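K.L.:
need a 3D model of the sequence below.
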Amino acid sequence: MHVAFKRISFFGARPKDLKCLHKKGRVSYLKLSIMEFVISDDFLEGANVVEINYVNGPHDEDVVHVAFKQPPKFVPRDYRRHVQKLVEYSHKNMTYSYDTANDAQRNVARTTIRDAFKDAYYVRAFAEDVLPCHQFPCTTEVHHTAHIERTTYTIHNRLVFIVDHICEGTDATAYYTYTLRYSHADNVDRTKIKQIFLEAIAQIRII
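P.N.:
Numbers count the residues shown, from 1 in each chain. So this is what the prediction gives:
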């Protein structure tokens, strides 16, 4: 599998491995656990969404390999499960998604504020906004199209585990990605979220 995130496409200044850029200077997270890292003030500043991607194999400064050949080995059955079949179109920082089952449409703009590697994960903090669908440009300006079967497991009202089965060409090149997605708010109980997050990471088995 050669599918990967190219980190250079997200922003200009990139933090080094296991570190995060902050306006007060470079802050090291080497001694923090994955969840202390994710919910820290420095990492969350300016963000309303954090995504933790499971990484498949080694990475370098610019490329993160996130594709897997098979679905995860085990996801707890008590997680509420929802399956969608989507077509997604991308233009710059906007993603327009169309649900083939119910014609639902959504246009989301995402700006990556900061990213870092932590343990076996690639973590990104986003500023995410839902935009009117008419603001998405015409299809001639689309730079990427994907057909996705998305299975979303609800762990908490602010935390979900997403398994995407993505086809960008033929079925033979389809692949899976695994993402823990946290929707942040300033008034959230971070101690509770941290515990739920750690339990989810311990219970979900990828391989």
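K.L.:
which ones are touching residue 89?
P.N.:
With contact taken as Cβ atoms under 8 Å, 6 or more residues apart in numbering, residue 89 is in contact with 95, 96, 97, 98, 136, 139, 142, 144, 145. Any C-beta I mention is one placed from the backbone N, CA and C, and that applies to glycine too.
K.L.:
I figured the last one hits residue 91, correct?
P.N.:
I take that to be residue 145. No: at 10.5 Å, residue 145 and residue 91 do not qualify as touching, with contact defined as Cβ atoms under 8 Å.
K.L.:
the two: who's more crowded?
P.N.:
residue 91 (17 against 11; other Cβ atoms under 10 Å).
K.L.:
got a list of what that one touches?
P.N.:
136, 137, 141, 142, 143.
K.L.:
any idea how far it lies from residue 81?
P.N.:
From residue 91 across to residue 81, the span is 31 Å (Cβ to Cβ, to the nearest Å).
K.L.:
filter the contacts of residue 91 to the buried ones?
P.N.:
residue 136 (16 or more other Cβ atoms under 10 Å).
K.L.:
pull the most distant pair out of the contacts of residue 91.
P.N.:
By the measure Cβ to Cβ, 136 and 143 form the most distant pair in these, at 12.4 Å.
K.L.:
mind listing what's buried along the helix or strand residue 35 falls within?
P.N.:
Following DSSP states H and E, one finds residue 35 within helix 34-38. Judged by neighbour count (16+ other Cβ under 10 Å), helix 34-38 contains these buried residues: 34, 35, 37, 38.
K.L.:
equivalent analysis for stretch 115-133, please.
P.N.:
115, 116, 117, 118, 121, 122, 123, 124, 125, 126.
K.L.:
restricting to C-alpha, output stretch 154-162 in CSV.
P.N.:
What follows is stretch 154-162, C-alpha atoms only, in CSV (Å, rounded to 0.1, in the frame of the first residue of the first chain):
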residue,chain,number,x,y,z
THR,A,154,-20.0,6.2,18.1
ILE,A,155,-18.0,5.9,21.4
HIS,A,156,-19.2,9.1,23.0
ASN,A,157,-21.1,12.2,21.7
ARG,A,158,-17.7,13.8,21.1
LEU,A,159,-15.7,10.8,20.0
VAL,A,160,-16.1,8.4,17.1
PHE,A,161,-14.1,5.7,15.4
ILE,A,162,-14.3,5.9,11.6
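K.L.:
can you give me the offset of it from its chain's centre?
P.N.:
Counting by Cα atoms, centre = their mean, to the nearest Å, stretch 154-162 is centred 12 Å from the centre of its parent chain.
K.L.:
and for it, what's in contact with it?
P.N.:
Contacts of stretch 154-162 (Cβ under 8 Å, 6+ apart): 75, 79-82, 150-153, 177-185, 188, 193, 196-197, 200, 204.
K.L.:
just checking, which of those residues belong to helices?
P.N.:
193, 196, 197, 200 (DSSP state H).
K.L.:
distance of the first one relative to residue 180?
P.N.:
Using Cβ to Cβ, residue 193 is found at 12 Å from residue 180.
K.L.:
quick one: which of the two has more around it?
P.N.:
Neighbour comparison, residue 193 and residue 180: the larger count goes to residue 180, with 23 against 18 (by other Cβ under 10 Å).
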